[in-house]
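**Q** Structure for the following, please:
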Amino acid sequence: MAVFFALLLSAVLVFMIGYNPLIVFQQAWDGAFGTTSRIAGVFNFWIPLTLVSLGLLVTFRSGLWNIGVEGQIMAGAVFASGVTIFLSIPPIIRIPLAMLSAIIGGMLWSLLVGVLKTRFGVHEIFGGVAFNAISNIIANYIITNLWSPVGGNAQDIGLFDEAVCLKQFNATFPSNDLLIFFSL
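**A** I've put the predicted structure just below:
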């Protein structure tokens, strides 16, 4: 019922701004599922969100609102990227170490919100939202100023060795089969 009402409300809003809802929904569907490459793109966004959601089950079950998950993902990504970029060790060791460092980075970032709550009485929602913004600023600064060559940007720093990038399932489905397996 919730999905039905969400689609109905979306259709009404789309119609109110002068577009045909059926055409808009068809274009959205084609944009996400029109080719195998697009389906892989959906998987590539879905996999990290699914894995992070498993961690949210613990916090929500304990009665806490972990709104800071975006910041934790960002901190984990920076930690994993740092290991991947700056350690010159074999990929068989570097990849699991990067994954472990991502977990540690996310945990440390969430610890900051936990300390604010337990020591200073800051509600986890406010601390989480604030630290989401701070993590984005810090990550962008690190990526664009410390890790990028002159003129680099956060979208393409070009520093990852291909040997440590997880292999794509195939050329027409550019997602990683191991990550798909873990998310199922």
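
**Q** Show me the chain divided up by domain.
**A** Per automatic domain parsing, the structural domains of the chain span 1-34, 47-183.

**Q** Which stretch among the ones you listed is buried most, on average?
**A** Of all these, domain 47-183 has the most neighbours on average by mean count of other Cβ atoms under 10 Å, namely a mean of 15. Bear in mind the C-beta positions are built from the backbone N, C-alpha and C, glycine included.

**Q** of the domains of the chain, which approaches residue 40 most closely?
**A** Closest to residue 40 of the domains of the chain is domain 47-183 (Cβ to Cβ; 4.1 Å).

**Q** per-residue confidence averaged over that closest one?
**A** Per-residue pLDDT over domain 47-183 has a mean of 86.

**Q** Going by length in residues, pull out the top helix of this protein.
**A** helix 91-120 (DSSP state H).

**Q** helix, strand or coil for residue 32?
**A** helix (DSSP: H, G, I helix; E, B strand; the rest coil).

**Q** separation between it and residue 69?
**A** 23 Å (Cβ to Cβ, to the nearest Å).

**Q** For residue 84, give me its contacts.
**A** 94, 98, 160, 161, 164 (Cβ atoms under 8 Å, 6 or more residues apart in numbering).

**Q** Please report phi then psi for the fourth one.
**A** With angles defined as degrees, to the nearest 10, residue 161 sits at phi -70, psi 130.

**Q** Could you measure from residue 53 over to residue 47?
**A** For residue 53, the distance to residue 47 (Cβ to Cβ) stands at 11 Å.

**Q** can you check residue 92 too?
**A** From residue 92 to residue 47 the distance is 22 Å (Cβ to Cβ).

**Q** And for residue 88?
**A** Separation of residue 88 from residue 47 (Cβ to Cβ) stands at 28 Å.

**Q** Also residue 39?
**A** Distance of residue 39 to residue 47, given as Cβ to Cβ: 13 Å.

**Q** And residue 26, by the same measure?
**A** Residue 26 is 26 Å from residue 47, by Cβ to Cβ.

**Q** And for residue 30?
**A** 22 Å.

**Q** Likewise for residue 60?
**A** From residue 60 to residue 47 the distance is 20 Å (Cβ to Cβ).
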